[in-house]
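**Student:** fold the following and give me the result.
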Amino acid sequence: MQVGELARVLEAELHGAPDVEITGVAGIEEAEPGQITFVANPKYTVLAKTTRASAILVTPDFPEVPAVTLRLKNPYLAFARAVDIFYQPPPWPEGIHPTAVLHATAKLGKRARIGAYAVLGENVIIGDDATILPHVVIYPGVRIGDRFFAHAHAVVRENCRLGSDVVLQNGVVVGSDGFGFAKDEHGQWHKIPQSGPTILGDRVEVQANACIDRASVGATRIGDGVKVDNLVQVGHGSSVDENTLLCAQVGLAGSTHVGKNVILAGQVGVAGHCKIGDNVIAIAQAGLHGDIPPGSMLAGSPAFDHKQWLRATALFARLPELLRQFQRKPKREE
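**Tutor:** Below is the predicted model of the structure:
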């Protein structure tokens, strides 16, 4: 594809020759002639002058460099779109593999692709253009919208509801039993039945080996556009509102309610029965307890205001020196 055509598709302003041929994408340090890269972080600005890439996606005010530039507001998003243009996923076979097991009452929409040893239970309903790869298991009573994509070994448990454009990566479990046990007078734990389904909205992606538990009563709900990273645990009866990111190894205890546009970075832990307001950001390994007001930025374990956390961590390394100064300071006469 010529760079002029790519600029048109990406709705970018082109600076340089429009007939340069682009054959692929790469990071700015690894890029070769014929590839396009991007600069979204200022620390890579210097590399734009030496990169071997034929073209670079940059912001409108980026300085001129030897390579052709495509200028637009969000170079990172444009790069993602460019990857989508040049990357060709494997051609998944159409139709139903002969080893797949589909209950007689299961209903599939048009153009389904069902891989080897996949299992669809009783009264499962799945919309059009589903791709279900080998060893995926869909339990009875599940309802799924259009363009469902499930990678190998994903599992959707009984009576769960998934919207359209849902992607489940390898090893995901949607609707596994919540961790609910009650202790009797003899000190023994008794399992609380987890009767409520897990409900996923539209455009949800759940990545490898993440678990979204079903509820004991009611439902566990994941809103439209939520992205759940690898090894995330969403506890029973929790809810996560639209366009929130749960990054690697985040853990939500039961009945946690997370607002819209929240970012919980890797290994953030949230105590149960908490309400996390809209637009909250908690950085990696923060421990959240109690309700969090909208717009907060948190760090630390237990978490507290991010700016205070930065000052506190800067001070922490100086504590031995400060202690020595305090000990040397003469005492006041009474």
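**Student:** from here on, just use CA atoms for contacts and neighbour counts.
**Tutor:** Will do.
**Student:** and the helices in the chain?
**Tutor:** The residue ranges that make up the helices of the chain, judged by DSSP state H, are 3-10, 75-86, 306-316, 319-328.
**Student:** which non-adjacent residue is nearest residue 111?
**Tutor:** Distances taken as Cα to Cα, 6 or more residues apart in numbering put residue 129 closest to residue 111, at 5.0 Å, once the chain neighbours are dropped.
**Student:** report the contact partners of that neighbour.
**Tutor:** With contact set as Cα atoms under 8 Å, 6 or more residues apart in numbering, residue 129 has these partners: 109, 110, 111, 112, 113, 146, 147, 148.
**Student:** and what of residue 273?
**Tutor:** Each residue near residue 273 by Cα under 8 Å, 6+ apart is listed here: 253, 254, 255, 256, 257, 290.
**Student:** kindly report the same for residue 106.
**Tutor:** Neighbour list for residue 106: 120, 121, 122, 123, 124, 125 [criterion: Cα under 8 Å, 6+ apart].
**Student:** same thing but at 6 Å, please
**Tutor:** 122, 123, 124, 125 (Cα atoms under 6 Å, 6 or more residues apart in numbering).
**Student:** with neighbour count and pLDDT as extra columns, can I get those in TSV?
**Tutor:** Formatted as TSV, these follow (neighbours: other Cα atoms under 10 Å; pLDDT from 0 to 100):
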residue	neighbour count	pLDDT
122	18	98
123	18	98
124	23	98
125	20	98
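**Student:** in TSV, list those along with distance to residue 8.
**Tutor:** Written out in TSV, the entries for these read as follows (distance: Cα to Cα, whole Å):
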residue	distance to residue 8
122	48
123	46
124	43
125	40
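**Student:** tell me which entries of these lie within strands.
**Tutor:** Taking DSSP state E, the ones among those that sit in strands are residue 125.
**Student:** what's the neighbour count on residue 113?
**Tutor:** Residues contacting residue 113 under the criterion other Cα atoms under 10 Å number 19.
**Student:** who is it paired with across the strands?
**Tutor:** With DSSP bridges as the criterion, residue 113 is bridged to residue 95, residue 131.
**Student:** surely it touches residue 95?
**Tutor:** Yes: the pair formed by residue 113 and residue 95 meets the contact definition of Cα atoms under 6 Å, at 4.9 Å.
**Student:** picking up where we left off before, ok, and the most crowded of the contacts of residue 129?
**Tutor:** For those, the largest neighbour count, defined by other Cα under 10 Å, is 23 neighbours, found at residue 148.
**Student:** which residues touch that one?
**Tutor:** When contacts are counted by Cα under 6 Å, 6+ apart, residue 148 is found next to 130, 165, 166.
**Student:** quick one, what contacts residue 114?
**Tutor:** When contacts are counted by Cα under 6 Å, 6+ apart, residue 114 is found next to 96, 97, 132.
**Student:** same check on residue 256?
**Tutor:** Neighbour list for residue 256: 238, 272, 273, 274 [criterion: Cα under 6 Å, 6+ apart].
**Student:** what about the last one, distance to residue 288?
**Tutor:** What it means is residue 274. Taking Cα to Cα, to the nearest Å as the measure, residue 274 and residue 288 are separated by 8 Å.
**Student:** all set, thanks.
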